[in-house]
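Visitor: This is a predicted model, with the sequence first.
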Amino acid sequence: MKKRSPRDSRPTLIVGIGFSDQGIHDLNRLFSSAVKTPEIAFVIVPGKGQPLQDVFEVLQAYHPSVEMAAPGLRLKAGTVTVVPQDRIASLKEGVLEISTPRSADEKLGAANVFFKSLGRDQGKRAVGILLSGEDGDGVEGLTALSQSGGMSFVQDPRSTGRSGTIRSAMDLGVADYVLEPEAMMKELESYDRHLRKDKGGDAEESLKEQIGSAIIGICDFLQKKHRHDFKHYKTSTLVRRIQRRLQVLRLGRIEDYLEFLRTNPNESSRLFKELLINVTSFFRDEESFEVLRQDVLPAIIRNHAGGDKIRIWVAGCSTGEEAYTFAILFRELLENLENPPGVQIIATDVDEDALSTARRGVYPPSI
């Protein structure tokens with residue numbers, strides 16, 4: 001039998017999988033599929049309360065090559081690598097970097113850290129999978145992975161009682177596929193085959209040019225459907241995100257995508273969300289919010305000492321984290337004043353699903 005060369009052992013896809021401390025059953029459902037994926041490398045980021053022995057028992061029952069993550073480990077096709085819960089894993093040029101969490105927040109966000117690095121490192125050859133969970137870990141990472149050109153799967157929330165994390169990803173529009181765990185391997189195998197046929201190079205540049213020529217028509221179509229004009233958005237961003245939709249759908253020509261867009265009502269909503277892709281978190285730009293805390297907001301409060309109400313408008317609020325960040329800052333600055341002014345924060349967004357999350361105002365511990 002001919003041995004695989006080091007080059008042959010490079011995976012077509014690298015798939016990161018995050019799940020909660022009660023998600024071992026869903027991991028079992030995922031790997032119990034009879035679909036073979038010899039060209040794919042999997043990295044498992046288990047919930048903090050899930051015994052590693054249980055994780056290994058599930059994986060070894062279905063997969064011939066399961067190993068513990070280690071610094072400097074190069075991911076190979078046909079392998080499954082498990083990250084210990086007391087470590088943070090990231091990826092650089094297909095090689096794992098392992099570190100100790102620097103804070104409780106980082107420990108809670110192990111899936112976020114890995115998904116972000118996976119997207120940066122592998123682009124369209126990155127896939128993130130979120131199974132059941134409530135702690136929110138992985139949602140921010142999936143968003144970043146999608147922005148980098150990768151693809152995301154989340155478990156169908158109807159198949160689990162712990163669906164908070166999954167629904168957050170769906171509200172943000174970053175879930176390319178919402179599936180039962182048993183159905184995911186088939187889609188992964190299909191996407192793997194699609195990528196192996198991908199010629200890249202000149203063919204990819206030609207596709208980008210085709211998309212560029214079709215952008216005005218696509219923007220007009222979306223404006224009629226969703227009353228939002230994308231024509232003033234950065235062209236390269238529009239091209240990249242439309243190209244990602246072709247990639248997810250495994251379409252090779254813009255003509256095929258335009259036909260799909262016209263004949264599938266759900267795709268216009270999916271593309272609309274893709275172009276609006278929401279990236280937000282509490283105190284996301286720490287330096288800017290520190291300037292607001294120290295200089296800007298105290299000056300505003302002094303100027304309203306007479307009792308005038310302070311009004312703040314957060315435009316493009318997404319799922320609400322920025323608006324609530326302002327509320328936290330004002331609460332801290334006003335709580336010791338004898339006669340504080342009133343504060344009204346108005347938050348708006350064109351994405352109704354994201355607004356629904358903002359209105360609920362319920363966020364996971366991993367924030």
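Guide: Cool, got the structure. Numbers count the residues shown, from 1 in each chain.
Visitor: Please name the spatially closest residue to Val58 (chain neighbours excluded).
Guide: The shortest distance from Val58 to any residue other than its chain neighbours is 4.8 Å, reached at Asn28 (Cβ to Cβ, 6 or more residues apart in numbering). Placement of C-beta: from N, CA and C, glycine included.
Visitor: Next, count neighbours for the one you found.
Guide: Taking other Cβ atoms under 10 Å as the criterion, the count of residues near Asn28 is 17.
Visitor: Secondary structure element holding Ser9?
Guide: Under DSSP states H and E, no helix or strand contains Ser9.
Visitor: from what I can see it touches Ala77, true?
Guide: Yes. Between Ser9 and Ala77 there is a contact at 5.5 Å, judged by Cβ atoms under 8 Å.
Visitor: So between these two, which is more surrounded?
Guide: The neighbour count for Ser9 versus Ala77, taken as other Cβ under 10 Å, is higher for Ala77 (19 against 16).
Visitor: my read: that one touches Phe42, true?
Guide: No. The pair Ala77 and Phe42 fails to qualify as a contact (Cβ under 8 Å) at a distance of 10.4 Å.
Visitor: what's the closest non-adjacent residue to Gly212?
Guide: Once flanking residues are discounted, Gly212 sits nearest to Val239: 5.6 Å by Cβ to Cβ, 6+ apart.
Visitor: Checking my notes, the one you found in a helix, right?
Guide: Yes. Counting by DSSP: H, G, I helix; E, B strand; the rest coil, Val239 is part of a helix.
Visitor: ok, it - how many residues close by?
Guide: By other Cβ under 10 Å, 18 other residues sit near Val239.
Visitor: show me the contacts for it.
Guide: Lys208, Ile211, Gly212, Ile215 (Cβ atoms under 8 Å, 6 or more residues apart in numbering).
Visitor: Kindly recompute the last result at 6 Å.
Guide: The contact partners of Val239, by Cβ atoms under 6 Å, 6 or more residues apart in numbering, come to Lys208, Ile211, Gly212.
Visitor: Of these, keep whichever come out buried.
Guide: Taking 16 or more other Cβ atoms under 10 Å as the criterion, what is buried in the contacts of Val239 is Lys208, Ile211.
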